[in-house]
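Q: I'd like to go over a predicted model; first the sequence, then the structure.
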Amino acid sequence: MTDRCIYIDADACPVKAEAEAVATRLRVRMVLVSNGGIRPSANPLVESIFVPDGPDEADKWIAERAGPGDVVVTGDIPLAAKCVAAGAQVLKPNGEILTPANIGNVLATRDLMQDLRSADPFRQGGGRPFSKADRSRFLDALDRALRRPV
């Protein structure tokens with residue numbers, strides 16, 4: 001087992017099972033962080049952390065611990081920015097890799113879209129459904145991230 005860790009922002013993560021399969025194959029510790037409602041895994045490499053209810057409690061927990069060599073899986077862009085700044089590799093569940101080179105643009109786009117949604121209360125949805133191709137891209141990106149030298 002390596003010193004690396006996969007931190008999963010687990011409350012709304014659609015790729016927990018895929019991440020666990022990769023973690024098991026590569027013998028990497030994985031931590032699922034949530035406010036509850038997630039069944040703990042029997043896998044000895046997988047730890048479940050339940051944080052108190054409240055805004056961004058899981059994000060705070062992950063941001064305080066993630067660092068170089070770790071991989072963070074989240075769709076939360078402010079959390080991703082903190083983890084990238086701490087030296088962790090960050091993946092969105094669709095396999096998109098967030099890096100120091102692109103996190104500023106991703107954060108700015110998120111803020112712009114949030115402003116547009118708040119300005120137009122009738123604006124519907126925004127994202128496309130999660131697909132098999134997204135799942136496949138995630139698996140490939142996680143495998144590459146964990147095989148990359150620290």
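A: Thanks, I have the structure now.
Q: all contacts plus neighbour counts: C-alpha atoms, from now on.
A: Will do.
Q: contacting residues for A10?
A: K16, L32, V33, S34, I38, T74 (CA atoms under 8 Å, 6 or more residues apart in numbering).
Q: Let's see which of those end up in helices.
A: Of the positions in the contacts of A10, K16 sit in helices, assigned by DSSP state H.
Q: Adding distance to P93 and pLDDT, write the contacts of A10 out as CSV.
A: What follows is these, written out as CSV (distance: CA to CA, whole Å; pLDDT from 0 to 100):
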residue, distance to P93, pLDDT
K16, 9, 95
L32, 14, 97
V33, 15, 96
S34, 16, 94
I38, 17, 87
T74, 6, 95
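Q: taking the contacts of A10 one by one, which sit in strands?
A: L32, V33, S34 (DSSP state E).
Q: Just the buried subset of the residues you listed, please.
A: For these, a burial check counting by 16 or more other CA atoms under 10 Å picks out L32, V33, S34.
Q: Can you pull out the low-pLDDT segments for this structure?
A: Applying pLDDT under 70 to the chain flags residues 1-2, 108-118, 121-127.
Q: 50 instead?
A: By pLDDT under 50, the chain has no low-scoring segment.
Q: before we move on, back to that, can you tell me which of the buried ones among the ones in strands among the contacts of A10 comes closest to R137?
A: L32 (20.4 Å; CA to CA).
Q: distance of the closest one from N105?
A: Noted for L32: a distance of 27 Å to N105, by CA to CA, to the nearest Å.
Q: same thing with I8?
A: For I8, the distance to N105 - CA to CA - is 23 Å.
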